[in-house]
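Chemist: Turn this into a model:
(2 chains)
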Amino acid sequence: MQILRLTILRLLTTLVTLAGVAVIVFFVIRVVPGNPIAMMLPPGATEADIARLSALYGLDQPLVTQFGIWLGGVVQGDFGTSITTRQPVLDLVLGRLPATLELSIMALVMAVIIGGAAALIGTRGRGTRTEGAVDVANGMALSVPDFLWGLVLMLVLGVLFPVFHISGRVTPSLDLPFVTNFYLFESLVRLRFDLWADLVAHMFMPALALAIPLAAVIGQLLKQSLKETMNLDYVTLARTKGYGETHVILREALRNAVLPTLTLVGVQFTFLIGGTVIIERLFSYEGLGNMAIDAVINRDLPLIQGIVILFAVIFTAVNLIVDLAYAVLNPRLRHA
Amino acid sequence: MNLNRRSLLKLSAATMAAGTIGLPTFAQAIDELVIAYNVNLPSWDPTVGPSAVNPTIQGLYQSVFDQYILQQPDLTPAPGLLTEWGWSDDKKQVWMTVREGVTWHDGSPFTAEDVAWNLARVANPETGSPIQFVWGTLANHRVEGNKVIADVAQFDPTIFKWMYFLTGYVLPKVYYEKVGAEGFEAAPIGTGPYMVEKFERNAFVRLKANANYWGGKPDFDTVTIKFVPDAAARVAEVESGNSHVTLEMPYEEYDRLKGGPLAGVAAPISDIGMIFLNDIEAMTDPNVRKAAAHAIDKQAIIDRLLSGYGVKIDTLQTPEYDAYDASITVPYDEAKAIELLAASGYGPDNPVKFKIQTTKGFKPKDYEMVQAIVGLWRKVGIEAEIEVYEIAKHYELRAADQLAPAAFYNWGNSVGDPTTSTGFAMFGPSPHSVWDGDDLIGMIGPLWGEADEAKRIEGWKAVDKYIAENALVIPLLQYVQPILHAPGVVVTPHASGALLPHLMKRA
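Modeler: Sure thing, here's the model as predicted:
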């Protein structure tokens, strides 16, 4: 009952949040300098040409009227047409969303594995040089931004030891039998491991660049949480029963220590998706982030609006899922 | 599916194998040419929308579509889909002879009807061509055999130059009408040297050579153009052997790599760096303007900031342009700058103050160049405050005539006509000009419709001389475009800046 009430409440809050985002993004991008008509004016264009092009793209209407038209379309699932690509915005963003989601999820998995391993190693070797080494590695991973990790990876694994592909999502010469844009997932479903391997070889570096800072955060928090849990009575009891330290950490302490980390992972996942903007650009990965940068450069207002709204939907959805997962996993909330 | 330890190991091995085996190396012969391109291609219609006037993607368009008139690497026109063209004696009509024996990529014949339809389409305001104001100067397009005739609604001496400039592309009439704009975006066809085989937005386009191309089949059967907007990634692409050709990287990187495993070509292109002067505040004082112009050591900036890759210019014309006049110079003269400022009561202890706007990273070393210029100005008694802005803001401010007294910008003019450089940049009523002086408007006005070509060009040279003498704008340099490529490919640079795969050959 508690969870149902929480779900309904969060869904209502989400709707209000999205409406607020829609208003802000629509008006803010029209207030900041630079408009798409000025961007496409060729030398020699006259005032009449400016007026003609403004009317063609519906930018000659008052802002409130433009907002009303756009919102009316959005409610009906029509996010307008991109000015630069002349394609429906919804098709464009939904077409790119799977690529970004796959990259983000792969980065998250990497971050959890690396961060989790670091936390376990650090806890296992607490008070020794091993823990110190883990802390130093965490500090380094945190203090270097993801795009810089991207450049380092590109140099080492792309140029010096060319193991992975530097740009793109898939090798252009490959024939793709996919019917969805979830290439990685679909290649596994179709048992096309050749394509899967090619996709991973393209995604590895951008995903790792995104994962490293998050892995450090996970590692730090989980280690701290584990260390606190290791002093609890039930863990001491397990030790007195003769279980080894590794068993105690993995089987006894980890289950309880992981809860705060789970919340953090959910929150950080939204930041991770936001971080894909720069990383996708760096690795020419054909996701939403890469498209977002072009949209901003070209002042493609409908496309910017569509991307921001979609990002907002993802952020709120992830937060909702995390909250619900926490409620389900936390016995105090589950039985309230 | 059973996923056990053995299958996981197999997957890992496959991943590593694909990563390593799939990567090309310099030693291998080039079967499929791969180019790391610096921008994305937003749209396949080169005649409408913002993409149509984006100079950086014209090379992609020219790989698939032909322009009415061919432009050679040195910017000079040559017969293309039109073999001959001209005006009637009274300049009331234009005529164009259409090349015969050309086919579209779908095998259908290219005809004079296609040319007439295209010209009428972009002249129609409802089509959305940003260059409608040019194409609209022709009307009543009609076909007579393999000739297209059109009436001149308003005489524009540059109309045929626009036929190898922005939006001057020929699209297939029958096919376009059959599939519509959306269908054309999905499967574009042209008469150009390459056919689109596969296109992934923001990722790549894969091209197949057009075996029936009227200009001869290109050397490479398959060309993949990857869109790699980040310069570091482009360099990594060619350095690792993933791509064979790339362009627009830092000059330091170009110098580092061109003598090693890669070859390089760096040639001047039709883009220039310049400083717009707005006739407001301190810029209404001719002594300040002239001092600002004389105080800039352009060659030192090129040598020290651009590693020598640039050509000093003193007018808005580069040596390749029709109205270039080498006799017009504005020499670096620090003493003269000090003298001019002193005449207006300014000096190092009492500097004249104004703002200069610039982009940062939009063009190579743009911000650094402005920093260097501000340093040079400070020595003579000019204190300029730098404001960094986005290029989109520049366009908006310029269109509204609200630029700061000085604003750094780069101007492209791949047809090399003075109207599309000095004309549009300096003619007060143009939304691209911020200099509104009546004297200059009076000089430029009659040149727009001047029918005598020699007289027209001489007129523009006189305008450039007047501008230089009065420092109404500060031209700085002509950019040099660095191209890195594998030794197995020979790249012919195009002075327009377009990187054209059909001009590339096997070494």
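Chemist: Might one say that B:Ile149 is in contact with B:Ala139?
Modeler: No - when contacts are counted by C-beta atoms under 8 Å, B:Ile149 is not listed as touching B:Ala139 (11.0 Å). (Glycine included, C-beta is placed from N, CA and C.)
Chemist: more crowded one of those two?
Modeler: Each of B:Ile149 and B:Ala139 has its neighbours counted (other C-beta atoms under 10 Å in any protein chain shown); B:Ile149 has more, 17 against 14.
Chemist: Tell me the secondary structure at that one.
Modeler: strand (DSSP: H, G, I helix; E, B strand; the rest coil).
Chemist: Spit out the contact partners of it.
Modeler: B:Ile149 is in contact with B:93-96, B:141-143, counting by C-beta atoms under 8 Å, 6 or more residues apart in numbering or on different chains.
Chemist: residue in chain B nearest to chain A?
Modeler: B:Ala392 (2.7 Å; C-beta to the nearest C-beta).
Chemist: What is the burial count for that residue?
Modeler: Neighbours of B:Ala392 under the rule other C-beta under 10 Å: 20.
Chemist: what sits against it?
Modeler: B:Ala392 touches A:33-35, A:38-39, A:297, A:299, counting by C-beta under 8 Å, 6+ apart.
Chemist: before we move on, what about A:Asn256?
Modeler: For A:Asn256, the contact set (C-beta under 8 Å, 6+ apart) comprises A:229, A:232.
Chemist: That one belongs to a helix, doesn't it?
Modeler: Yes - when three-state DSSP is applied, A:Asn256 is found to be in a helix.
Chemist: Who wins on neighbours among the contacts of B:Ala392?
Modeler: A:Arg299 (26 neighbours).
Chemist: Looking at the contacts of B:Ala392, which one is closest to B:Gly488?
Modeler: Using C-beta to C-beta, A:Ile297 comes nearest to B:Gly488 of the contacts of B:Ala392, at 33.8 Å.
Chemist: ok, the closest one to chain B distance?
Modeler: 7 Å (C-beta to the nearest C-beta, to the nearest Å).
Chemist: In three-state terms, label the nearest residue to that residue once chain neighbours are set aside for me.
Modeler: Nearest non-adjacent residue to A:Ile297, counting by C-beta to C-beta, 6 or more residues apart in numbering or on different chains: B:Ala392, 7.4 Å away. Put simply, B:Ala392 is helix when judged by three-state DSSP.
Chemist: Residue ranges in chain A under the pLDDT threshold?
Modeler: A:1, A:42-44, A:329-336 (pLDDT under 70).
Chemist: number of nearby residues for the closest residue to B:Ala498 other than its chain neighbours?
Modeler: Leaving out its chain neighbours, the residue that sits closest to B:Ala498 by C-beta to C-beta, 6+ apart is B:Gly59, at 3.3 Å. Neighbour count of B:Gly59, defined by other C-beta under 10 Å: 21.
Chemist: Show the model's pLDDT score for B:Asp439.
Modeler: Per-residue pLDDT puts B:Asp439 at 93.
Chemist: Which residues are in contact with it?
Modeler: B:Tyr466.
Chemist: mind listing what's buried in the helix or strand where it lies?
Modeler: Per DSSP states H and E: B:Asp439 is located in helix B:438-444. In terms of neighbour count (16 or more other C-beta atoms under 10 Å in any protein chain shown), helix B:438-444 has its buried residues at B:440-441, B:443-444.
Chemist: likewise stretch A:259-267?
Modeler: A:261, A:263-266.
Chemist: any idea which of those is closest to A:Leu232?
Modeler: A:Thr261 (16.6 Å).
Chemist: Chain A contacts on the stretch 301-450 of chain B?
Modeler: Within the stretch 301-450 of chain B, the residues that sit near chain A (C-beta under 8 Å from any C-beta of the partner chain) are B:389-393, B:395-399, B:419-420, B:423-425, B:429-432.
Chemist: try 10 Å
Modeler: Those residues of the stretch 301-450 of chain B that sit near chain A, judged by C-beta under 10 Å from any C-beta of the partner chain, are B:362, B:389-400, B:402, B:411-413, B:419-421, B:423-425, B:427, B:429-433, B:448.
Chemist: related to what we said a few turns ago, most widely separated two among the buried residues of helix B:438-444?
Modeler: For the buried residues of helix B:438-444, and using C-beta to C-beta, no pair is farther apart than B:Ile441 and B:Met443, which are 7.4 Å apart.
Chemist: Now stretch B:270-284: average pLDDT?
Modeler: 96.
Chemist: List the buried residues of that stretch.
Modeler: Applying a neighbour-count criterion of 16+ other C-beta under 10 Å, one finds B:270-279, B:282-283 buried in stretch B:270-284.
Chemist: Spit out the residues that contact B:Ile441 and B:Met443 alike.
Modeler: B:426-427 (C-beta atoms under 10 Å, 6 or more residues apart in numbering or on different chains).
Chemist: in the chain, which residue is closest to the centre?
Modeler: Picking chain A for this. Nearest to the mean C-alpha position of chain A, by C-alpha atoms, centre = their mean, lies A:Ile273 at 1.5 Å.
Chemist: should've been chain B
Modeler: Nearest to the geometric centre of chain B sits B:Pro55, at 4.0 Å (C-alpha atoms, centre = their mean).
Chemist: Just to check, it is in contact with B:Asn413?
Modeler: Yes - if you go by C-beta atoms under 10 Å, B:Pro55 and B:Asn413 touch, sitting 9.4 Å apart.
Chemist: what touches both of those two?
Modeler: Contact with both B:Pro55 and B:Asn413 is made by residues B:165, B:270-271, B:496, according to C-beta under 10 Å, 6+ apart.
Chemist: got the residues you listed as a markdown table, with distance to B:Asp366 and secondary structure columns?
Modeler: Shown next, in a markdown table, are the shared contacts of B:Pro55 and B:Asn413 (distance: C-beta to C-beta, whole Å; DSSP: H, G, I helix; E, B strand; the rest coil):
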| residue | distance to B:Asp366 | secondary structure |
| --- | --- | --- |
| B:Phe165 | 25 | coil |
| B:Ser270 | 17 | strand |
| B:Asp271 | 12 | strand |
| B:Ser496 | 21 | coil |
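Chemist: check those residues against chain A, which are close?
Modeler: Among the shared contacts of B:Pro55 and B:Asn413, the residues that sit close to chain A (C-beta under 10 Å from any C-beta) are B:Phe165.
Chemist: nearest to B:Val122, of the shared contacts of B:Pro55 and B:Asn413?
Modeler: Nearest to B:Val122 among these, with distances taken as C-beta to C-beta, is B:Phe165, at 12.2 Å.
Chemist: now the residue in chain A that chain B sits nearest to, what's its secondary structure?
Modeler: When scored by C-beta to the nearest C-beta, chain A has A:Gly34 as its residue closest to chain B, at 2.7 Å. Assigned with three-state DSSP, A:Gly34 falls in the coil class.
Chemist: Would you agree B:Leu376 is in contact with B:Asp297?
Modeler: Yes - assessed by C-beta under 10 Å, B:Leu376 is found in contact with B:Asp297 at 6.2 Å.
Chemist: For these two, list the residues in contact with both.
Modeler: B:332, B:334.
Chemist: A:Gly115 - that's part of a helix, no?
Modeler: Yes - under three-state DSSP, A:Gly115 falls within a helix.
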